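S.K.: can you look at this prediction? I've put the sequence above it.
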2 protein chains.
Amino acid sequence: MPSKRPYHHGNLRPALIAAAVERIAEVGPAAFTLREVARRAGISHNAPYRHFRDKDDLLAAVATQGFERLAKALDDSEKHRTPRKGPGTPLERLCASGLAYVRFALRSPEHLQVMFDWPLETGRHPELEAAGARAFGVLLRLVEQAQGHGDLPEGDPLPLACTAWSLVHGIAKLAISSRLPYRSERKALDFAREAIDTLNRGMRRRAGRDQADKAAAGSREK
Amino acid sequence: MPSKRPYHHGNLRPALIAAAVERIAEVGPAAFTLREVARRAGISHNAPYRHFRDKDDLLAAVATQGFERLAKALDDSEKHRTPRKGPGTPLERLCASGLAYVRFALRSPEHLQVMFDWPLETGRHPELEAAGARAFGVLLRLVEQAQGHGDLPEGDPLPLACTAWSLVHGIAKLAISSRLPYRSERKALDFAREAIDTLNRGMRRRAGRDQADKAAAGSREK
DNA sequence: ACCTGAACACCGTTCAAGT
DNA sequence: ACCTGAACACCGTTCAAGT
């Protein structure tokens, strides 16, 4: 039973972040209000300003938490690999991380929404940008390992990473908004696995083709 | 010079939609306010309620317009094909439509945002859902034609269409929020073309492989 | 340090009223 | 039909003040 005592929280900041996530899950980031979050946390409507510059700053904290959890989910993605036979090849780990991305999105849609769909002023939230870069770094490292292992063509890993990212991000966003005909998490993940496999068949290095492909696709600076 | 006359607009509705798009482009759909739109249109703050039930209803109209324009862009995508040698194969037309999707997104980011990132109550905006279904129908038809032409494997076109959609949607969303290292429209489209080509290599039908692939990827209903 | 209440300039939405 | 002004219950944010 919460009673009315002053100076309740020792750790108001994380409590506010948690309340914000809860609220966003209920009404979306658009209808989300700072005052309601304060009410939920049992504090006055302007106590949050002790911990966050403004509403966007709280949302940036939510997004930062999201990127940290995403990075961890990608790092831990080996655990979810199927079939479960040891660590697998780098390419298999890359696929597993793609599935982990979609799984994270399905289970934390409110985080993904704030992370990607809330217009935050650039430069105002450095921890957020750092967390985002860390998560992308995990993906990039997996791509480079697959290249080193000979599973993906040599060269700039960036286009490969961006292509893989785009596919899983698209799946995640469309699945979250119920735009794909795969409603359950299981069906959505089965579809994601198939889609990732399809992309992989196109990305895989095949002897004698890489040079020609790269020459054809490479764009010339004007 | 706009003067203060009563009963100005004969066609307030489209004017409000246009003003809304303009406003969303400036401040995003979150900071967008109905009252400001009314001000821009030179009418009182509650005149919009003659044409829209509420704020969401105006946003739904924006999203509907977006889906209509997207469907048209996909339909017209042959025009942008490179190299420009006749209508091309169905698979080439499918690729061109993917590029058209990304191009539309880059040029109308505010539409895409409202179309996909604004939580509109389902069932309340039937024209919106119809327009969305029409746009998806264009994609589905292109996939089916590519199947009929032997460029894509036979069977349910839905997973193929969803895979292609996911990729271009992911590219579009990430490009719009400046998350990809391809800032100009040209670079973003070059990347999109490469990514689409990569996916296509994975999707294309290859003799003797389809059966095995499908059996391996097909998920069993539990 | 952390919290409060009053205040300001805004919203979305409704309503009674005007032409 | 289309528009208006006043009103209501909300916001985000600020400020002077309390412990």
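M.R.: All right, it came through fine. Numbers count the residues shown, from 1 in each chain, chains lettered A, B, ... in the order given.
S.K.: how close does the closest residue to A:Ala47 other than its chain neighbours sit to B:Ala146?
M.R.: In this structure, A:Ala47 finds its nearest non-sequential neighbour in A:Ala38, 6.1 Å apart by CB to CB, 6 or more residues apart in numbering or on different chains. All C-beta spots, glycine's among them, are computed from the backbone N, C-alpha and C. Distance, A:Ala38 to B:Ala146, by CB to CB, to the nearest Å: 55 Å.
S.K.: again with A:Leu112
M.R.: 31 Å.
S.K.: so what's A:Arg179 up against?
M.R.: A:Arg179 makes contacts with B:Phe116, as judged by CB atoms under 8 Å, 6 or more residues apart in numbering or on different chains.
S.K.: ok, A:Arg204 next?
M.R.: A:Leu91, A:Asp151, A:Leu152.
S.K.: any idea which helix or strand carries the residue most central in space within chain A?
M.R.: With distances taken as CA atoms, centre = their mean, the residue of chain A nearest its centroid is A:Leu70 (4.8 Å). Using DSSP states H and E, A:Leu70 maps to helix A:55-75.
S.K.: which elements pack onto the helix or strand where A:Ala38 lies?
M.R.: If you go by DSSP H and E, A:Ala38 is part of helix A:34-41. Contact here means 3 or more CB pairs under 8 Å, 6 or more residues apart in numbering or on different chains; DSSP states H and E; on that basis helix A:34-41 packs against helix A:12-31, helix A:55-75.
S.K.: turn those helices into CSV, columns for distance to chain B and mean pLDDT.
M.R.: Below are the helices and strands packed on helix A:34-41 laid out as CSV (distance: least, CB to the nearest CB, whole Å; pLDDT from 0 to 100):
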stretch, distance to chain B, mean pLDDT
helix A:12-31, 5, 93
helix A:55-75, 10, 97
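S.K.: among these, which is nearest DNA strand C?
M.R.: helix A:12-31 (4.5 Å; CB to the nearest atom of the strand).
S.K.: tilt between the closest one and helix B:12-31?
M.R.: 170 degrees (axes from the mean of the first three to the mean of the last three CA atoms, to 10 degrees).
S.K.: helix A:12-31 near DNA strand C at all?
M.R.: Yes: judged by CB under 7 Å from any atom of the strand, helix A:12-31 comes into contact with DNA strand C at A:Leu12.
S.K.: can you list the buried residues in that helix?
M.R.: A:Leu12, A:Ala15, A:Leu16, A:Ile17, A:Ala19, A:Ala20, A:Val21, A:Arg23, A:Ile24, A:Gly28, A:Pro29, A:Ala30 (16 or more other CB atoms under 10 Å in any protein chain shown).
S.K.: pretty sure the second one contacts A:Arg40?
M.R.: No: using CB atoms under 8 Å, A:Ala15 is not in contact with A:Arg40, being 9.2 Å away.
S.K.: mutual contacts of these two, please.
M.R.: In contact with both A:Ala15 and A:Arg40: no residue, using CB under 8 Å, 6+ apart.
S.K.: what's near enough to touch A:Leu106?
M.R.: So A:Leu106 contacts A:Ala172, A:Ala175, A:Ile176, A:Glu185, A:Ala188, A:Leu189 (CB under 8 Å, 6+ apart).
S.K.: how deep is the first one tucked in, by neighbour count?
M.R.: Right, A:Ala172. 26 (other CB atoms under 10 Å in any protein chain shown).
S.K.: ok, and the closest non-adjacent residue to it?
M.R.: A:Ala105 (3.4 Å).
S.K.: repeat that for the fourth one.
M.R.: Distances taken as CB to CB, 6+ apart place A:Leu106 nearest to A:Glu185, at 5.3 Å, with adjacent residues excluded.
S.K.: tell me the secondary structure at the one you found.
M.R.: helix (DSSP: H, G, I helix; E, B strand; the rest coil).
S.K.: and it, how close does it get to A:Ala47?
M.R.: 34 Å.
S.K.: looking at chain A, which helix is longest?
M.R.: helix A:126-148 (DSSP state H).
S.K.: centre of the chain versus the helix or strand following that helix, how much separation?
M.R.: Moving toward the C-terminus from helix A:126-148, the next helix or strand (DSSP H and E) is helix A:157-176. Averaging C-alpha positions (CA atoms, centre = their mean, to the nearest Å) puts helix A:157-176 10 Å from its chain's average.
S.K.: same deal with stretch A:107-121?
M.R.: Relative to the centre of its chain, stretch A:107-121 is centred 9 Å away, using CA atoms, centre = their mean.
S.K.: and it, does that touch chain B?
M.R.: Yes: looking at stretch A:107-121 against chain B by CB under 8 Å from any CB of the partner chain, the contacts come from A:Gln113, A:Phe116, A:Asp117, A:Trp118, A:Pro119.
S.K.: and the second one, what does it touch?
M.R.: Read that as A:Phe116. A:His169, A:Lys173, B:Lys173, B:Ser177, B:Arg179.
S.K.: relative to A:Gly202, how far out is it?
M.R.: 25 Å.
S.K.: next: the last one.
M.R.: Taking CB to CB as the measure, A:Pro119 and A:Gly202 are separated by 33 Å.
S.K.: all good on my end, thank you.
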